[in-house]
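Chemist: please work out how this folds:
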Amino acid sequence: MTTSHIVSIPTRRAHSNHAEVARSIGIDIISGRLAEGARLPGDAELTATFGVSRPVLRESVKTLVAKGLLSTKARVGTVVRGRSDWNMFDPDVLAWHLDAGIDKRFLADLAEIRLAIEPRAAALAAERRSDGDVAAMRMAMAQMEREPSTSVAFADADLALHIAVANASGNPFMRSIGAVIEAALRASFVLSAPVETADRDTVLVWHQRIIDAIADGNPEAASEAMIEVIYNGRRRHAQSAARTDQQ
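Modeler: Residues are numbered from 1 along each chain as shown. Reported below is the predicted structural model:
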């Protein structure tokens, strides 16, 4: 796996003991510190390591099993599963990738799934949108225009716009990709926010074109504008990586 340009992106902390233990073990698995096929230490060692009770530890393991990161086998113990078994649509698994340190492969994977889904969502939104859907997109767009490109408020508004498009598609499966979109946009924001005036203008123009096409009921234009927005983010990532190489 390519591991250049790894960047750790802090995410919101867990709110309970079992969630925090699950997060810690999950990050160790995703980062490779606990490799595929590795067996977790016994309960006694883990409870001492994390300072939690056995019920809390077992709840944490159940969480990771449900997310596809661990499996439990009689007379074998708790074993780390391979990456292909992980539930990559799970919000926690995506967030833990950002905590563990994302790389070019993860960014490429995110872009590919977005290209497979978001342009179609935009096209469907152009056919099915309500006045309320368009109003939500325009509200998010107005916030993007008001806020500095490096602010959290700008990133939140960007996410809100993309989620509004997914909602307007009327397809519940496309709405469920919200966690993937959030992970991609948060990574993009940290790695290559559109700081330069030209980059900011490009971002705003193409997001506005998405909204205009959806409002006009033009599925082809909506899809094309969404594709350009995703590719524009990939170009900024590549340029940011190139600058890093030169330093």
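Chemist: switch to C-alpha atoms for all contacts and neighbour counts from now on
Modeler: Noted.
Chemist: centre-most residue in this structure?
Modeler: The centroid of the chain falls nearest to Ala183 when counting by CA atoms, centre = their mean (1.6 Å).
Chemist: can I assume it is in contact with Ala95?
Modeler: Yes: using CA atoms under 8 Å, Ala183 is in contact with Ala95, at 6.7 Å.
Chemist: hmm, back to that, secondary structure of the residue nearest to the centre of the chain: a helix, I assume?
Modeler: Yes: the assignment for Ala183 (DSSP: H, G, I helix; E, B strand; the rest coil) places it in a helix.
Chemist: now it: how far from Pro55?
Modeler: Relative to Pro55, Ala183 is positioned 31 Å away (CA to CA, to the nearest Å).
Chemist: with Trp206 instead?
Modeler: Trp206 is 50 Å from Pro55, by CA to CA.
Chemist: which stretches of the chain aren't confidently modelled?
Modeler: For the chain, residues meeting the criterion pLDDT under 70 lie at 1-15, 241-247.
Chemist: strands of that one, start to end?
Modeler: Counting by DSSP state E, the chain has strands at residues 70-73, 77-80.
Chemist: for Ala126, which of those strands is the nearest?
Modeler: Closest to Ala126 of the strands of the chain is strand 70-73 (CA to CA; 41.3 Å).
Chemist: which residues are in contact with stretch 199-216?
Modeler: 122-123, 125-127, 129, 134, 137-138, 141, 144-145, 149, 194, 219, 221-223, 225-226, 228-229, 232 (CA atoms under 8 Å, 6 or more residues apart in numbering).
Chemist: please list only the buried members of those residues.
Modeler: Among the contacts of stretch 199-216, those classed as buried by 16 or more other CA atoms under 10 Å are 122-123, 125-127, 129, 134, 137-138, 141, 144, 149, 194, 219, 221-223, 225-226, 228-229, 232.
Chemist: show me what counts as buried in stretch 205-222.
Modeler: In stretch 205-222, counting by 16+ other CA under 10 Å, buried: 206-215, 217-222.
Chemist: on contacts alone, who are the packing partners of the longest helix anywhere in the chain?
Modeler: Looking across the chain with DSSP state H, the single longest helix is helix 219-246. On a contact count with 3 or more CA pairs under 8 Å, 6 or more residues apart in numbering; DSSP states H and E, helix 219-246 meets helix 104-128, helix 178-192, helix 197-215.
Chemist: need those helices in a markdown table with distance to Gly170, can you?
Modeler: Compiled in a markdown table, the helices and strands packed on helix 219-246 are given as follows (distance: least, CA to CA, whole Å):
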| stretch | distance to Gly170 |
| --- | --- |
| helix 104-128 | 7 |
| helix 178-192 | 14 |
| helix 197-215 | 13 |
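Chemist: nearest to Gln239, out of those?
Modeler: helix 178-192 (8.5 Å).
Chemist: how about the CA coordinates for that closest one, as CSV?
Modeler: Extracted as CSV, the C-alpha positions of helix 178-192 are listed here (Å, rounded to 0.1, in the frame of the first residue of the first chain):
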residue,chain,number,x,y,z
GLY,A,178,-23.4,10.8,3.9
ALA,A,179,-20.6,9.4,6.1
VAL,A,180,-18.4,8.7,3.1
ILE,A,181,-19.0,12.2,1.8
GLU,A,182,-18.2,13.7,5.2
ALA,A,183,-14.9,11.7,5.4
ALA,A,184,-13.9,12.8,1.9
LEU,A,185,-14.7,16.5,2.5
ARG,A,186,-13.1,16.6,5.9
ALA,A,187,-9.9,15.1,4.4
SER,A,188,-10.0,17.5,1.5
PHE,A,189,-10.5,20.4,3.8
VAL,A,190,-7.5,19.6,6.0
LEU,A,191,-5.2,18.5,3.2
SER,A,192,-6.0,21.1,0.5
